[in-house]
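**Q** next one to model:
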Amino acid sequence: MESLGIEIKLLLGQIINFVLLLILLVFFLYRPIVKMLNDRREKIADSLTKAKEIDEKLAATEAHSKEILDKTQKEASRIINESNKLAQAQKNEILDNAKKQSDKILLGAQTEATAMKDKVVAEAKKDLGELVVAALDKIANELTPEEKKRLSDKAIEGIGD
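**A** Here you go, the predicted model:
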């Protein structure tokens, strides 16, 4: 090999230096870099797993929130419907009571008006009867017996009709 210009001692020294450098690089540079890359890969994988879990929890929370919101809206609609029905029932009851009261007042007024009318008519009949009796008394004194008979007959015919 010396004829080729290669010195064995120098070649062995360079091989040993290369192997030592390779061992040093592996222990002090390659392994920490690989360890750092593996740690980083694990952190990224953990972060992705946690992000996936967070997304799942967020989706579950959103679904739960939507479910609660739907229930709340249904409950609110039910309460509003019940309130409307109750208000309508109260309105109808108030209207019925008002109608009954107005009917009572109207009936009372009609009864009172009828009573007043009957009273006025009775008083008018009484007064008219007294006037008729007084007028007949004056007329009877001046009539002849034939005229009295004719008037009585005419009055009797009027009563019969």
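
**Q** which parts of this structure are strands?
**A** Here the chain has no strands by DSSP state E.

**Q** what is the least confident helix or strand in it?
**A** Ranking every helix and strand in the chain by mean pLDDT, DSSP states H and E puts helix 145-160 at the bottom, with a mean of 73.

**Q** off-centre distance for that one?
**A** When distances are taken as Cα atoms, centre = their mean, to the nearest Å, helix 145-160 is centred 83 Å away from the chain's centroid.

**Q** same check on stretch 81-92?
**A** In terms of Cα atoms, centre = their mean, the centre of stretch 81-92 is set 11 Å apart from its chain centre.

**Q** distance check, Ile44 against Ile54.
**A** Remark: distance between Ile44 and Ile54 (Cβ to Cβ, to the nearest Å) = 15 Å. Quick note: C-beta positions are derived from backbone N, CA and C, even for glycine.

**Q** pLDDT at the residue positioned nearest the centre of the chain, what is it?
**A** Residue closest to the average C-alpha location in the chain (Cα atoms, centre = their mean): Ile80, at 1.8 Å. For Ile80, the pLDDT comes out at 96.

**Q** tally of neighbours for Leu151?
**A** Residues near Leu151, counting by other Cβ atoms under 10 Å, number 14.

**Q** same check, this time on Leu143
**A** With other Cβ under 10 Å as criterion, Leu143 counts 13.

**Q** pLDDT value on it, please?
**A** 71.

**Q** grab the nearest non-local neighbour of it.
**A** Leu151 (7.4 Å; Cβ to Cβ, 6 or more residues apart in numbering).
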